[in-house]
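S.K.: need a structure here:
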Amino acid sequence: MTSDVTAAVEAVYRADWGKIVATLIKLMGDFDLAEESAQDAFAAAIDQWPTSGIPEVPSAWVIQTARHKAIDRIRRRSNYSEKLDLYLKSGFLREIENPDYDDSAIPDDRLRLIVTCCHPALAPEAQVALTLRTLCGLETDEIARAFLVPTATMAQRLVRAKRKIRDAGIPYVVPAASEMKDRLEAVLTVIYLVFNEGYAATRGRLLRSDLCAEAIRLARLLRALMSPRTPAEATALLALMLLHDARRDARLDDAGDVVILEEQDRRRWDRGQIAEALPLVEESFRAGLSSFGLQAAIAAVHCQAPRPEDTDWPHILRLYDQLERLEPSPIVSLNRAVAVAMVNGPEAGLAIIDSLAAGDLQNYHLLHAARADFLRRLGSREQAAGSYRRALALVSNESERRFLDRRLREIQAS
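M.R.: Numbers count the residues shown, from 1 in each chain. The predicted structure is shown next:
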């Protein structure tokens, strides 16, 4: 029974944390109180469910318990009377579950609160990090990986962002439609990073389909919300995620091990999803050049190649050249190095990798994995083995770890 409860609590936490906290912020209007009360409720579930049984709707139980835990926290505060009066006026302590404000502008709790948390008074990185942690359920180390910073650094950023919200009295209100433009970039970034964590999870199994599906759902909703003048970036992001997600079923074998792109069974790709995405790529390009649009175009070239050897790598390289000029970053340069290697040979790609190795990517396992692959293709087995070992020391996902370990053993045996 204990193991069943633990599994149930973990499943609710991973699948519904963001929805639960979004609902609680909607009810309470208090960022810290919502998150703390949700944590208290999950702790209560671990204590109570072994004897009371797992509820029929676990997430609803957590939300209701969190409301009670919030009341307990308010009562323990020195300014209890003032806070209690505030929450009575807000409607939090009434029996009804629905707020009184008009939410028709953004008809989805989670998207509404993502937009709300992306407040322009916060630094862009703080907006994105705080939203990922609170509303999307990503752990601090998962967010740190997305920003290529140490976990301790990201933890400090999150604390500072919460403190600024509290000290500056930043309200959690639905922004007017005219304010959406100022928040769009951060909202799109949040949605894409949620997708990325689902596509290549920090821990456990490589894929988290729940996060990928939720990111695609939010992108569809955002695009519909901003119609008929949907920004090119919103259309491009939806296309990009659809194209990546279309390859999902081919990315792992039956044992859960990684299958790299050139070895995937392309018959398992979702051709319907690819067909939906390709016109969106063209639509986004007609509306204007964007980072997501160029990334989507690169993904489209891969998805349109019937065989690995049919991939138009010179075209991909040209797109990466444009992307690097438009939005230079170490990750873009790393990905471009792969295209360079496919067009001009692994030695050319290796030169780019080596120039990146001393910078922000020195502790990024995929840089060392790419370096190992280039060295392997050049016949430098000993150096390749060293890079595989470095990648293994840095990787946190078990599926990727097994893949790298297999590559290391293969090169040592050759």
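
S.K.: Please count neighbours and contacts with C-alpha atoms only from this point.
M.R.: Noted.

S.K.: Quick check: end-to-end length of stretch 116-130?
M.R.: 11 Å (Cα to Cα, to the nearest Å).

S.K.: Which positions within that stretch qualify as buried?
M.R.: Under the neighbour-count criterion of 16 or more other Cα atoms under 10 Å, stretch 116-130 has T116, C117, C118, H119, L122, E125, A126, Q127, V128, A129, L130 buried.

S.K.: Tell me which helix or strand L243 sits in.
M.R.: In the assignment (DSSP states H and E), L243 maps to helix 232-246.

S.K.: thinking again about what came up before, can you pick out the most distant pair from the buried residues of stretch 116-130?
M.R.: Pairwise distances across these peak at 14.9 Å for T116 and E125 (criterion: Cα to Cα).

S.K.: Pull out the buried positions in stretch 372-386.
M.R.: A372, D373, F374, L375, R376, R381, A384, A385.

S.K.: sorry, back to before: could I have the CA atoms of the helix holding L243 written out in PDB?
M.R.: C-alpha atoms of helix 232-246 as PDB (Å, rounded to 0.1, in the frame of the first residue of the first chain):
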ATOM      1  CA  ALA A 232       5.000  34.800 -36.500                       C
ATOM      2  CA  GLU A 233       6.800  33.500 -33.400                       C
ATOM      3  CA  ALA A 234       3.700  31.900 -32.000                       C
ATOM      4  CA  THR A 235       2.900  30.100 -35.200                       C
ATOM      5  CA  ALA A 236       6.600  29.000 -35.600                       C
ATOM      6  CA  LEU A 237       6.800  27.700 -32.100                       C
ATOM      7  CA  LEU A 238       3.700  25.500 -32.600                       C
ATOM      8  CA  ALA A 239       5.200  24.200 -35.900                       C
ATOM      9  CA  LEU A 240       8.600  23.500 -34.200                       C
ATOM     10  CA  MET A 241       7.100  21.500 -31.400                       C
ATOM     11  CA  LEU A 242       4.800  19.500 -33.700                       C
ATOM     12  CA  LEU A 243       7.800  18.600 -35.900                       C
ATOM     13  CA  HIS A 244      10.000  17.500 -32.900                       C
ATOM     14  CA  ASP A 245       7.100  15.600 -31.300                       C
ATOM     15  CA  ALA A 246       6.300  13.800 -34.500                       C
END
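
S.K.: And the contacts of the very next helix or strand once past it?
M.R.: Using DSSP H and E, the next helix or strand after helix 232-246 towards the C-terminus is helix 271-287. Applying Cα atoms under 8 Å, 6 or more residues apart in numbering, the contact partners of helix 271-287 are 231-233, 235-236, 238-240, 242-243, 246, 293, 296-297, 300, 303.

S.K.: Flag the shaky bits of this protein, pLDDT-wise.
M.R.: For the chain, residues meeting the criterion pLDDT under 70 lie at 1-2, 29, 77-109, 135-136, 171-178, 202-205.

S.K.: This completes my enquiry, with thanks.
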